[in-house]
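Chemist: Can you look at this prediction? I've put the sequence above it.
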Amino acid sequence: NAGVTQTPKFQVLKTGQSMTLQCAQDMNHEYMSWYRQDPGMGLRLIHYSVGAGITDQGEVPNGYNVSRSTTEDFPLRLLSAAPSQTSVYFCASRAGTSGGGLAKNIQYFGAGTRLSVL
Amino acid sequence: GIQVEQSPPDLILQEGANSTLRCNFSDSVNNLQWFHQNPWGQLINLFYIPSGTKQNGRLSATTVATERYSLLYISSSQTTDSGVYFCAVHHGSSNTGKLIFGQGTTLQVKP
């Protein structure tokens, strides 16, 4: 299993550009989520999904869109990039109710995407 | 919303020393996890521990849910233990993986 795969690893955008951060998992996990990590602030939840076709907002959703058309993929779209969106973005997945035992509660993270908006 | 506070914010140890990291949370939780973020940025789950005590090698964790805190113990620290340690919790009726993170403890282990 590759686990949680994020692409790209690095990206530089100009203010106003749009782009999509890709996230894929091959563990058949129900739950997927996107976080951003800023210096001194830990990780903050942007959007999450509890299954294909179901998404909801987290703590800091403004400026981002998500969709979940398949179990495996959960892309994060920046509609019009702003310097305030400069951050490191992490995608995560968890087994959810379909997993067995305590393992279903463990959250797995991708390697992150470092985004700079100029 | 629920608040998660970690202490200390920074910690410097000599190799071989022991340490205790603390996580306080402001409300009941149904999911608590400890993560280690290595110097390359990768986040690794250490423990899923909403209550009780667990041990994994030199690391152990205890959560006292009734008193709303969790402790992570690192014994005989090694330079590879360096990085940021995060506590993350979920609060609410459905355990959907919406984790709220503390701000982390940055650990540096010197040789």
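Modeler: Perfect, I can see it now.
Chemist: nearest residue to residue 16 other than its sequence neighbours?
Modeler: In the absence of a named chain, chain A is used. Nearest residue to A:Gly16 in three dimensions, chain neighbours excluded: A:Ser80, at 5.4 Å (CB to CB, 6 or more residues apart in numbering or on different chains). No exception for glycine: its C-beta is placed from N, CA and C like everyone else's.
Chemist: You answered for a different chain; I wanted chain B.
Modeler: The shortest distance from B:Gly16 to any non-neighbouring residue, by CB to CB, 6+ apart, is to B:Ser76 (5.7 Å).
Chemist: count of residues packed around that neighbour?
Modeler: Other residues near B:Ser76 come to 11 when the count uses other CB atoms under 10 Å in any protein chain shown.
Chemist: Which helix or which strand is home to it?
Modeler: When elements are assigned from DSSP states H and E, B:Ser76 belongs to no helix and no strand.
Chemist: show me what contacts it?
Modeler: Contacts here follow CB atoms under 8 Å, 6 or more residues apart in numbering or on different chains; on that basis B:Ser76 touches B:Gly16, B:Ala17, B:Asn18, B:Arg58.
Chemist: Could you tell me the per-residue confidence at it?
Modeler: Looking at B:Ser76, its pLDDT reads 97.
Chemist: and if you look at A:Glu59?
Modeler: Model confidence at A:Glu59, given as pLDDT, is 89.
Chemist: thinking again about what came up before, distance of the residue nearest to B:Gly16 from A:Ser49?
Modeler: From B:Ser76 across to A:Ser49, the span is 41 Å (CB to CB, to the nearest Å).
Chemist: excluding its backbone neighbours, what's nearest the residue minimising distance to the centre of chain A?
Modeler: Centroid-nearest residue in chain A: A:Trp34, 2.7 Å away (criterion: CA atoms, centre = their mean). Closest residue to A:Trp34 apart from its sequence neighbours, by CB to CB, 6+ apart: A:Ile46 at 4.4 Å.
Chemist: swap in B:Gly52?
Modeler: B:Thr63 (6.5 Å).
Chemist: helix or strand for the one you found, which one?
Modeler: Here B:Thr63 sits within strand B:59-64, counting by DSSP H and E.
Chemist: tell me the mean pLDDT over that strand?
Modeler: In this model, strand B:59-64 has a mean pLDDT of 97.
Chemist: which helices and strands does it pack with?
Modeler: Counting contacts by 3 or more CB pairs under 8 Å, 6 or more residues apart in numbering or on different chains; DSSP states H and E, strand B:59-64 is packed against strand B:43-48, strand B:52-56, strand B:69-74.
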